[in-house]
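In: here is a sequence together with a model predicted from it:
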Amino acid sequence: MATQIGIGFNQLASPVQAGRRAAEHALEPLAGQAPDLVMLFSTTDLDPGQVLAGVCAVAGEVALVGGCSAGVIVPEGAFTSGVAVLALCSEEIQVIADIAPGVGQHAEEAGRALVGRLWTRKQEAYRGANGLLLTLLSAQDSRAMEMVAEAMGDELGPLYRLVGGGVQDPSGRINRPTFLNGEAYRDAVAAALLLTAGPVGVGVRHGYKALGRPLVVTRAKGNILYELDGRSAFEAYVEQFPDHPELTLQNFGQFAVDHPLGLPQMGREYIVRDPLGAGPDGALECGGLIPEHAVVRIMAGDRETLIRSAGEAAAEAMRSLSGQRPLLALVFSCVSRLAYLGAAAQEELAAIRGVIGLETPLIGLFSFGEVAAQLDSPPTVHNKTVVVGMIGET
């Protein structure tokens with residue numbers, strides 16, 4: 001036995017039974033071996049505590065990391081209801097899992113403390129040359145997510161890649177969306193460090209292209225963009241669309257779904273920021289931080305470019321494997337892409353599987369902000385983006 005991976009998915013109405021059945025199917029390929037790691041992703045229409053209880057009743061006391069969100073991704077497709085479980089038993093991949101609560105109040109400290117504990121345990125017992133850090137954040141604000149990502153990046157070092165995203169219920173009905181082992185947590189960041197002697201790759205793509213002229217952020221705080229080029233952000237934005245005189249503060253959010261903001265990066269993809277709406281003063285609320293004095297461009301994309309970008313993200317991750325077969329793929333796609341694509345979200349997954357092959361185990365979720373760190377870039381929180389992480393054969 002080198003690496004055995006099983007994936008289970010279930011849509012039973014009972015959260016406990018859905019969790020049990022998904023876990024049973026995931027454990028079948030392990031042929032009685034205890035898993036080194038269980039990943040659990042569930043949708044927010046199912047009570048997370050009951051889902052977790054069902055999975056743990058089958059899997060037992062094992063390292064488990066996961067969370068709940070608006071949709072899950074499994075080989076069968078993308079679903080807005082159900083429980084997805086991955087079970088991993090491997091001689092090639094070693095796993096350390098941990099969690100840090102209190103992200104909302106102490107984001108930077110939580111990120112550093114979490115990586116510090118992972119690092120101490122790695123130094124004591126593990127010798128993998130490379131690592132992929134799966135990170136799930138239940139922080140409710142973009143600033144906390146950014147601070148956690150930055151702190152983790154400072155501590156990780158250059159050999160370790162990072163993939164993950166925000167888990168939460170936007171309605172506020174579910175207040176414990178993050179899982180570690182047998183517990184559900186709120187306001188926390190959970191992580192599983194997967195150590196391997198094999199190659200690791202991360203791909204990041206979104207499918208949006210810049211249009212119009214560059215705009216300078218002259219006033220912003222956190223995720224609120226007040227001014228562009230010294231004028232209200234809304235006024236400067238709509239000026240780029242003279243053919244759309246119907247644009248108002250009230251319908252801005254609907255229009256901006258197809259026209260997010262992009263922060264240019266040297267030699268890499270733009271970082272996309274999703275404008276969620278416009279206030280009475282013309283300020284734009286965005287799905288992530290907008291630094292003052294940055295340059296932004298208005299972006300545009302469509303169904304075809306978004307679907308194609310998912311395959312491009314997978315191809316970018318594959319290139320880092322240097323020809324080795326992928327053992328595992330983790331996918332995080334923005335929940336706004338799911339809302340925009342609808343049924344075509346299945347084509348996004350098909351584009352990824354067309355690159356990595358139908359036999360590669362795959363699991364993921366539709367996240368509220370995507371987190372990624374590649375070889376040549378620090379951890380970054382993205383919007384409207386697909387992140388694909390992979391571990392290759394040794």
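Out: Perfect, I can see it now.
In: quick one: residues contacting the nearest residue to Arg176 once chain neighbours are set aside.
Out: Spatial nearest neighbour of Arg176, excluding adjacent residues (CB to CB, 6 or more residues apart in numbering): Ala184 at 3.9 Å. In this view, the C-beta of every residue, glycine as well, is placed from N, C-alpha and C. Contact partners of Ala184, counting by CB atoms under 8 Å, 6 or more residues apart in numbering, are Pro48, Gly49, Leu52, Arg176, Pro177, Thr178.
In: any of those residues buried? List them.
Out: Pro48, Leu52, Arg176, Pro177, Thr178 (16 or more other CB atoms under 10 Å).
In: in this structure, mark out all the helices, start to finish.
Out: In the chain, the helices defined using DSSP state H lie at 15-27, 48-59, 107-125, 142-156, 233-238, 252-256, 303-319, 335-341, 345-356.
In: nearest to Val163, out of those?
Out: helix 303-319 (9.1 Å; CB to CB).
In: can I get the contacts of Ala184 in TSV with distance to Ala192?
Out: What follows is the contacts of Ala184, written out as TSV (distance: CB to CB, whole Å):
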residue	distance to Ala192
Pro48	18
Gly49	20
Leu52	16
Arg176	18
Pro177	16
Thr178	12
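In: for the residues you listed, which one is nearest Gly19?
Out: For these, the closest approach to Gly19 (CB to CB) belongs to Leu52, at 6.8 Å.
In: from Leu341, how far out is that closest one?
Out: To Leu341, Leu52 is 29 Å away according to CB to CB, to the nearest Å.
In: what does Cys56 give?
Out: According to CB to CB, Cys56 and Leu341 sit 33 Å apart.
In: who has more neighbours out of those two?
Out: Between Cys56 and Leu341, counted using other CB atoms under 10 Å, the more crowded position is Cys56 (21 against 18).
In: dump the residue contacts of Asp169.
Out: Asp169 is in contact with Thr44, Cys68, Asn175, Pro177, counting by CB under 8 Å, 6+ apart.
In: follow-up on the earlier one: mean pLDDT lowest where, among the helices of the chain?
Out: Of all the helices of the chain, mean pLDDT reaches its minimum on helix 142-156 (a mean of 80).
In: touching that one from outside, list them.
Out: With CB under 8 Å, 6+ apart as the test, helix 142-156 has contacts from 103-104, 107-112, 114-116, 119, 133, 135, 137, 139, 162, 166, 189, 191, 222-223, 286-289, 369, 371, 373, 378-381.
In: give the buried residues for that helix.
Out: Neighbour-count burial for helix 142-156 flags 142-153, 155-156 (criterion: 16+ other CB under 10 Å).
In: rebuild those residues as JSON lines, extending it with distance to Cys89.
Out: Shown next, in JSON lines, are the buried residues of helix 142-156 (distance: CB to CB, whole Å):
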{"residue": "Ser142", "distance to Cys89": "36"}
{"residue": "Arg143", "distance to Cys89": "38"}
{"residue": "Ala144", "distance to Cys89": "34"}
{"residue": "Met145", "distance to Cys89": "32"}
{"residue": "Glu146", "distance to Cys89": "35"}
{"residue": "Met147", "distance to Cys89": "35"}
{"residue": "Val148", "distance to Cys89": "29"}
{"residue": "Ala149", "distance to Cys89": "30"}
{"residue": "Glu150", "distance to Cys89": "34"}
{"residue": "Ala151", "distance to Cys89": "31"}
{"residue": "Met152", "distance to Cys89": "27"}
{"residue": "Gly153", "distance to Cys89": "30"}
{"residue": "Glu155", "distance to Cys89": "28"}
{"residue": "Leu156", "distance to Cys89": "26"}
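In: if we can go back for a sec, tell me the one of the contacts of Asp169 nearest Gly311?
Out: Using CB to CB, Cys68 comes nearest to Gly311 of the contacts of Asp169, at 27.0 Å.
In: mind pulling up the pLDDT for that closest one?
Out: Cys68 carries a pLDDT score of 94 in this model.
In: would you map the strands across the stretch 51-200 of the chain?
Out: With strands called from DSSP state E, counting those that start in this stretch, the stretch 51-200 of the chain shows them at 64-69, 71-74, 77-79, 83-90, 93-101, 130-137, 160-166, 178-180, 183-185, 188-196, 200-205.
In: now render these as JSON lines, adding distance to Arg20.
Out: Output for these, formatted as JSON lines (distance: least, CB to CB, whole Å):
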{"stretch": "strand 64-69", "distance to Arg20": "14"}
{"stretch": "strand 71-74", "distance to Arg20": "17"}
{"stretch": "strand 77-79", "distance to Arg20": "18"}
{"stretch": "strand 83-90", "distance to Arg20": "9"}
{"stretch": "strand 93-101", "distance to Arg20": "21"}
{"stretch": "strand 130-137", "distance to Arg20": "22"}
{"stretch": "strand 160-166", "distance to Arg20": "26"}
{"stretch": "strand 178-180", "distance to Arg20": "15"}
{"stretch": "strand 183-185", "distance to Arg20": "17"}
{"stretch": "strand 188-196", "distance to Arg20": "22"}
{"stretch": "strand 200-205", "distance to Arg20": "32"}
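In: for Phe234, which of those is the nearest?
Out: Short answer: strand 160-166, nearest of the strands of the stretch 51-200 of the chain by CB to CB, at 25.9 Å.
In: now do the closest one, average pLDDT.
Out: Averaging pLDDT along strand 160-166 yields 91.
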